[in-house]
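> Fold the stuff below for me.
(2 chains, ligands or ions: 3)
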Amino acid sequence: MKWDIPSLEELEDAVWKCTACGNCKVAYDFGPPPTYGEICPAGVEYGFDGNMASKGKIAFARGILDGQLEWNQDFVDDIYKCTICGGCQNQCELDHKPVIPEIIEAMRRKAVEDGVGPMPTQKVIAQSMRSYNNPYQGPRRVRTDWTRPFKKAKTPIKNIMKKDAPILFFVGCTGAFNLPVRNFPVATASIFQKLGLDFGILGENEICCGSTAMRLGDVDEFKRVAETNMKTFKDLRDNHGVETIVTSCAGCFRAMKKDYSLSDEYEDHMGGLKIIHTMDFLFNYFKEGKMKFTKELPWKVTYHDPCHTGRHLIDYDVDEDGSKQWKGSYLGKNEDNCLYDIPREMIKAIPGIDFKEMERIRSNSYCCGGGGGVMTGYGDWAVKNAGLRVQEALDTGAEQMVSICPFCHFNLNEGSKRIKSKMKVYDLVELIDMVL
Amino acid sequence: MTEMPEESRVDSRITARLCEIVGEKNATDMKHIRYAYSYDLSFVKSKLPDYVVMPTSVEQVQEVMKFANQEKISVTPFTAGTNIGGLCIPENGGILLDMKRMNNIIRIDEESHYAIIEPGVSHAKFASALAKYNLRFSWPVGPPSASTSSCAISHGIGGLSARYGLNSEEITSMEVVLPTGELVRVGSCAIQEDAWHSCLPLPRMDGLFTGWLGTSGVITKLGLRVHPTPPILKVFTTSAQNIGHMASYLRTLGNYEICDDLTGVSWWLSQVPIPYPYKPKPSDAPEWISFATTFSWTEKEREAREEIWRMVMDEETKKGSSLKETEYPEEALRARTQLPSQIVGSTKNYTKQGGAGISWPGTFTPLNKWEPVYEGWKKILIERNLSPAVRVTNYRGVHYGMLRAMIPFPKKEPATIENARQDIVECLKIDLDNGGIPYKPPVDFGVEINKRAHPGYVELLKKTKQMLDPNDIMNTGKLAL
Ligand SMILES: Cc1cc2nc3c(=O)[nH]c(=O)nc-3n(C[C@H](O)[C@H](O)[C@H](O)COP(=O)(O)OP(=O)(O)OC[C@H]3O[C@@H](n4cnc5c(N)ncnc54)[C@H](O)[C@@H]3O)c2cc1C
Ligand code: SF4
Ligand code: SF4
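Ligands and ions are numbered 1, 2, ... in the order given. This is a model prediction of the structure:
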């Protein structure tokens, strides 16, 4: 397979579009009324302009490209102190905006290529990927531990390699191996069964989607697992009747939808397959009245938009030569693919729920702090940042925080403990499972 | 490739002392961090600071200044570095004093209509806080993340400047750390600690810290007048075939003092993006377009403003003017009236075709000199294949206003940067010779100003600087003395 993953050098023209204006440093919207908020977790924690938003990251890229900056431990460290949340990207109005995360990742790829990245704790992930095919050093057989209650209840989940099904539930490593969030694949499968869906899992044959490796710049490892997965998906499509791949993990979803599409064989392997996030998938049943919330949940709930199901899915339209003049000459932005309204609509539809919004939401959502390898590389900072987000949730009067990403879920829960709050964090599938 | 001076005078002993003052996390000499402060979007040559320091309290600022003064290390104050004049690029290395972490809005007095802010408060933060009281400030068309206090102390202007003048005229009091580390206050807060309402009727000592380009002290708190926001916005848009007719219209309308913002833009600036390189204007397009922004409390007030505007249109038409009421593209109007604006502040419409670089001859010029200066600029710029993307704006009436040409250029190549620099300095000379004065001047402009200055002015400037900053440590070199 050939991959069109750009090197930093190939992105040089984009790097030279940045004017250092610093728009990316805060989330601002004219409104009216105008709203303002911090948007860069790295900037909030480390503060120097180099650490701050895409302004800083592009300064680093520029320094590398113009030969002024050479690798050293501190420099590599600062390149990895970024959750690649895209909060900065959403503020920028220059033509390199669509590739801002790529510029950050291209620097990491360069660091890995030059043998200086990722950071030591993150190297454990790379090693685990190679040895276990997942970033959690989880033995293969543990991957299906979460299915035990289903076996016990005599409603076992199909192994799709053995029994065909039109729907593959791609569980993801976090749900399978990360104990505190293991309830979310359980809830997903439980909902599917309640809806009477014919679905299966890859079971012990599932391997990591490669998202974490890609975010860390380990492109070889990403390609290895991505290629294996794409071959599996092709086989499932061609020989096992699979039409839809559903995943509850925002990271897997983004990887399959965006990162895999950088392969020249994407169409051949994945063409005709619908890749869909669980929430989007369930929303169709909800809309058609096939999924009814019958029980009451008298909770005060707020919703945290994960970066991966939100702004990472924005399509940007660049007026390359400026020929469109005023109308639409600023960067066009299509948020149709972002899962903003769907989770909110479903939460609000649960009887008894009192829904509260935080200040920074949707494309201006404040990252939980766990992405981009930060949870493994800089655990303390990740949790500290999550505490800030939990505080914002508490300020709304909410008592429960809901999200649709196991990473956010885990990290926000840790954040809540860190600030000694009573805030409980749930995945939306858990709520839905409770009221079905 | 950007040019960079050879390394550097980093001294780990000094870094260690700075870390002691502001904490390990807030001071550094790491090159990649310093590099991010070594350039801005202007033509000014990149230079590395030796240390970056982010104080979080007034006491820390004092300690840093005392130490720097004792060691004779240059200190360049910085909030966001978006001044378009290279004013935060440390000519002499030393300490880059990043003030962004002092970012509290200390008070918004909704009765007396003033606020007290720290230097790190951004327009975005201030705007959203003021909106809760239906209050506003004269927001520049710059990045919303930039500092309001730095805009004010740099004689910045904004969307209310036709009505209230420069943002420095809105300053009501100041707290400042002197280059030698003493804490001083000017304005009413100097007399009564809690009174931040006015610099007058005391001697105007705020003048020691406004327009000094960060060379005379570090502002740690600033009192600023803020204004109520009337609900009804009406923008009158007009075109003219030449600058003469446009300037005459802006003067006449300016006489009535009914506008918050009164601005004209040349065809090239009205384009998105500014054509780079130069592209001729279509012959049927007017050369100038203007927008006159008014805010009213009632419909009747709006109608009265409209009546005055129509009167002015008639008056000008009778003089034989090519003035016409015109449509201004909606998105353009939004960008210019919905301030602070991410769209305009992003510089996209300016730099898109140039690539990362933008500079200007930005000046305060008497209204009756706009025409000759613009014609001179146009000639120079078109000859060099650059667009005369010029803006004119009245400040508080009609005696003077902004005259400025936005020049985009590719920032990657030293040759294109140097070209832009030369062309802009050429333009500036024409303006200076017509009585205009550049604002937020890069050192190249400072040299031209001082060449023409009365010897007494330069002497007084030197003496004042010497009194405040005996070791010439603050933003060393920026006054081009
Ligand atoms: C596209 C674009 C459009 C713009 N339009 C406008 C406009 O319409 N009107 C306008 O006024 N400006 C405009 N600007 C310039 C600038 O964005 C604003 O003036 C801004 O508010 C300056 O804030 P800053 O934080 O960037 O200041 P900086 O650039 O960081 O600092 C400005 C000056 O103040 C000094 N300084 C900073 N902090 C302190 C302190 N605490 N004490 C003492 N000195 C200090 C610095 O040394 C420097 O000399 C524009 C900029 C851009 C990029
Ligand atoms: S990344 Fe975009 S918003 Fe940030 S400084 Fe560069 S041009 Fe401005
Ligand atoms: S991607 Fe997120 S963490 Fe990284 S620089 Fe941008 S806003 Fe900051």
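> distance of the single nearest residue of the stretch 351-481 of chain B relative to chain A from residue B:355?
Proximity of the stretch 351-481 of chain B to chain A (CB to the nearest CB) peaks at residue B:412, 4.6 Å away. Yep, even glycine has a C-beta here, placed from its N, CA and C like the rest. Note on residue B:412: its distance to residue B:355, by CB to CB, to the nearest Å, is 7 Å.
> Please apply the same query to residue B:315.
44 Å.
> which of the two has more neighbours?
residue B:355 (22 against 15; other CB atoms under 10 Å in any protein chain shown).
> dump the residue contacts of the more buried one.
A:16, A:17, B:408, B:409, B:410, B:411, B:412 (CB atoms under 8 Å, 6 or more residues apart in numbering or on different chains).
> again, only using 6 Å
Residue B:355 makes contact with A:16, B:410 under the criterion CB atoms under 6 Å, 6 or more residues apart in numbering or on different chains.
> now residue A:3
Taking CB under 6 Å, 6+ apart, one finds A:262, A:263 in contact with residue A:3.
> mind pulling up the phi and psi values for it?
Main-chain torsions, residue A:3, degrees, to the nearest 10: phi -120, psi 140.
> any idea how far it lies from residue A:247?
From residue A:3 to residue A:247 the distance is 21 Å (CB to CB).
> So the residue in the stretch 151-300 of chain A that chain B sits nearest to versus ligand 3, what's the distance?
Using CB to the nearest CB, the closest approach of the stretch 151-300 of chain A to chain B is made by residue A:217 at 16.8 Å. To ligand 3, residue A:217 is 14 Å away according to CB to the nearest ligand atom, to the nearest Å.
> Kindly report the same for residue B:281.
For residue B:281 relative to ligand 3 (CB to the nearest ligand atom), the value is 40 Å.
> ditto for residue A:341
23 Å.
> where do the helices sit along the stretch 251-400 of chain B?
Ranges of helices within the stretch 251-400 of chain B are B:267-270, B:299-318, B:330-337, B:342-345, B:348-351, B:370-383, based on DSSP state H, counting those that start in this stretch.
> Run through chain A and note the low-pLDDT ranges.
By pLDDT under 70, the low-scoring segments of chain A are A:320-330.
> Which residues are in contact with the one residue sitting closest to the centre of it?
Central residue of chain A (CA atoms, centre = their mean): residue A:308, 3.0 Å from the mean position. Residue A:308 sits next to A:250, A:251, A:254 when contact means CB under 6 Å, 6+ apart.
> what about the residue lying closest to it once chain neighbours are set aside, how many residues close to it?
In space, not counting the residues next to it along the chain, residue A:308 is nearest to residue A:250; the distance is 3.5 Å by CB to CB, 6 or more residues apart in numbering or on different chains. Using other CB under 10 Å, residue A:250 is surrounded by 31 other residues.
> contact partners of the helix or strand hosting residue A:346?
Here residue A:346 sits within helix A:341-349, counting by DSSP states H and E. Helix A:341-349 has contacts (CB under 6 Å, 6+ apart) with A:279, A:283, A:286, A:293, A:301, A:303, A:355, A:404, A:428.
> Show me which of those residues is closest to ligand 1.
residue A:303 (34.0 Å; CB to the nearest ligand atom).
> quick one: that closest one from residue A:400, how far?
From residue A:303 to residue A:400 the distance is 10 Å (CB to CB).
> Where does pLDDT dip in chain B?
Using pLDDT under 70, the flagged stretches of chain B are B:1-8, B:345-346, B:348.
> Now do the same contact list for residue A:79.
Neighbours of residue A:79 in contact, by CB under 6 Å, 6+ apart: residue A:107.
> Return the distance of it relative to ligand 2.
Taking CB to the nearest ligand atom, one finds residue A:79 at 16 Å from ligand 2.
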